[in-house]
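In: Sequence below, structure please.
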Amino acid sequence: MAHLLEMSGISKHFPGVKALSDVSIFLDRGEVLGIVGENGAGKSTLMKIVAGVYTADTGELRLDGKAFTPRQPRDSLDAGIIVIHQELSLVPDRSVAENIFLGNLPHDRLGGVRRAALNRDAKELLARVGLTISPQTRVRQLGIAQQQLVEIARALSREARVIVMDEPTATLTTAEQRILFATIRTLREAGVGLVFISHHLEEVFEICDRVVVLRDGAAVDMRPTGEWTEASLIQAMVNRPIDALFPARHATIGDVLLEVEGLSSAGRFEDVSFQLRAGEVLGLGGLIGAGRTEVLKAIYGALPISRGHIRVQSREVSIRTPRDAIAAGVALVPEDRKGEGLVMPFPVRTNIAMSTLTRVSWLRAVLAQGRIDRLADEAVRELRIRTPSIRQRVQLLSGGNQQKVVLGRALTTKPRVFLLDEPTRGIDVGAKVEVYRLINALAEQGAAILVVSSDMIELLGLCDRILVMRTGRVAGAVPRDEFSQERVMHFAALG
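Out: I've put the predicted structure just below:
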């Protein structure tokens, strides 16, 4: 029988970038195909060609053995190909139900929307992905993880033959991941072909039947999952061996650089207290919605503080705005890089220099373009940002390289305290190692680092201590010599 979906000799170029080069892979019915590779390897570009967002320069797509040339996303949708992109595509001011059935709303004879049927059907789909929210809830009221599950419910609303999931678990909790994997297995048993793109290799090994590796725009290897090991898969992705994911720690713990005492933000979190020392990496764990991100934003002046004290290097500071935080030597790398970390239409150079405009201007009035270029070139070199030029618009970079630009901008402010919110979200395994090494290097230079991460292995491998939050409060603290997933989850789930 013909393959369900076949891609043969696919190539795609963008200005200054060779995104795909002669890629040939296939997907069969009732199969989960894993696609892995570093950021910029071409994974998302390939799937956007399948989705009709891009048109290949050369090559051919075949669906059920017949030539298939989508010119627009609607062509792929009509053919039963559903792509859940890494960047969510929901309409924030419409209801969950309307988003699930967008373009396919149930109508009565007069052309009006049948609201009762809409909400009933949406509720059934939400239950399939483990969401108990009202179908009438506005999407903008949901967290990122809930929005991701709504995207999956929307895919289920169509009789899909092929479903592509691009980093579907990036913002999901462990419980939500289990629901997603159960849904994937059900779809596989029904004969649906699924493409699963992920940087989390343990997920790839758990759910995929075959795995293809993309590197520098080319498909370099494709095998049944059982023929891969984690080491061989990583080496194929980055073309170099990685001895250990987490580098050895050599930082010396010093004086207290950041002290938070009784910090509260009304309706968000209460009575948070901790000390963070020079050379220390302190993890902030807990389930999504526990208040971790809100604590970082409050320390940075991006959320109001109702009471409590913040001291930097033993001096109490009043931080009401991010400008105050930067002046106090505090930098934030936010979780939502597109919404809060970058100005997407601006070039790399401008985004990197944004927090230090006074340093790259004459008399605080006229920007010195040469200084901006030198600052940007240094960040690109140190962080290995893959971009054809520092004048490239950030929106044209891969997600991982966008994240590195945000890290680069934080470094330009020369902070003593770093607040890192999901710093490796959407970054491939090779880039993760680079970020871990950067964090270690900063700690060895005497910086104090507070890390929020939903990746338990990351917290255990990276941190000296872990504070665990639950329902807006610190539920417990785990020193390194007592680290275990069970202990952290006990605090997160039970307090």
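
In: and the residue nearest to L397 when sequence neighbours are not counted, helix, strand or coil?
Out: With sequence-adjacent residues excluded and distances taken as C-beta to C-beta, 6 or more residues apart in numbering, L397 is closest to T387, at 5.9 Å. Just so you know, the C-beta spots here come from the backbone N, C-alpha and C atoms, and that holds for glycine as well. Put simply, T387 is coil when judged by DSSP: H, G, I helix; E, B strand; the rest coil.

In: pretty sure T387 is in contact with N351, am I right?
Out: No - T387 is beyond contact range of N351, at 10.9 Å (criterion: C-beta atoms under 8 Å).

In: Please report how far D108 lies from A116.
Out: In this structure, D108 and A116 are 10 Å apart, going by C-beta to C-beta, to the nearest Å.

In: now stretch 438-458, how far from the centre of its chain.
Out: When distances are taken as C-alpha atoms, centre = their mean, to the nearest Å, stretch 438-458 is centred 17 Å away from the chain's centroid.

In: Buried residues in it, which are they?
Out: Residues 438-440, 442-443, 447-454, 456, 458 are the ones in stretch 438-458 that count as buried (16 or more other C-beta atoms under 10 Å).

In: now stretch 403-422
Out: Buried, per 16+ other C-beta under 10 Å, within stretch 403-422: 403-413, 415-422.

In: same thing with stretch 483-494?
Out: 483, 488-489, 491-492.

In: nearest residue to K432 other than its sequence neighbours?
Out: That would be T424: by C-beta to C-beta, 6+ apart, it lies 4.7 Å from K432.

In: residue contacts, that neighbour?
Out: 403, 431-432, 435-436, 453, 455, 458 (C-beta atoms under 8 Å, 6 or more residues apart in numbering).

In: Widest-spaced pair of these?
Out: The most widely separated members of the contacts of T424 are A431 and S453, with 14.9 Å between them, by C-beta to C-beta.

In: thinking again about what came up before, for the residue nearest to K432, grab phi and psi.
Out: Dihedral angles of T424 (phi, psi; degrees, to the nearest 10) stand at phi -110, psi 20.

In: How much space separates it from E434?
Out: From T424 across to E434, the span is 10 Å (C-beta to C-beta).

In: Also L131?
Out: For L131, the distance to E434 - C-beta to C-beta - is 35 Å.

In: Comparing the two, which residue is more hemmed in?
Out: For L131 versus E434, the count of surrounding residues by other C-beta atoms under 10 Å is larger for L131: 23 against 18.

In: Go through stretch 201-216 and flag the buried ones.
Out: 201, 203-205, 207-216.

In: From these, which land in strands?
Out: 210-215 (DSSP state E).

In: which stretches of the stretch 351-495 of the chain aren't confidently modelled?
Out: 357-368, 426, 495 (pLDDT under 70).

In: just the strands in it please.
Out: Counting by DSSP state E, counting those that start in this stretch, residue ranges of the strands within the stretch 351-495 of the chain are 361-362, 366-367, 417-421, 448-452, 465-470, 473-479.

In: For these, give me JSON lines that also has distance to L396.
Out: JSON lines is the format used below for those (distance: least, C-beta to C-beta, whole Å):
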{"stretch": "strand 361-362", "distance to L396": "27"}
{"stretch": "strand 366-367", "distance to L396": "23"}
{"stretch": "strand 417-421", "distance to L396": "24"}
{"stretch": "strand 448-452", "distance to L396": "28"}
{"stretch": "strand 465-470", "distance to L396": "36"}
{"stretch": "strand 473-479", "distance to L396": "41"}
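
In: And those: which comes nearest G37?
Out: Across those, G37 has its closest neighbour in strand 417-421 (24.3 Å, C-beta to C-beta).

In: can you list the residues that contact the closest one?
Out: By C-beta under 8 Å, 6+ apart, the list of residues contacting strand 417-421 reads 257-258, 276, 292-293, 296, 299-300, 312, 329-335, 410, 439, 442, 447-452.

In: Name every strand pairing with that strand and say which way it goes.
Out: strand 330-333 (parallel), strand 448-452 (parallel) (DSSP bridges).

In: okay, those strands in a markdown table with distance to F68 next?
Out: Output for those, formatted as a markdown table (distance: least, C-beta to C-beta, whole Å):
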| stretch | distance to F68 |
| --- | --- |
| strand 330-333 | 41 |
| strand 448-452 | 43 |
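
In: Run through the residues that contact F68.
Out: Counted by C-beta under 8 Å, 6+ apart, F68 has contacts 61-62, 79.

In: State the distance from it to Q146.
Out: 33 Å.
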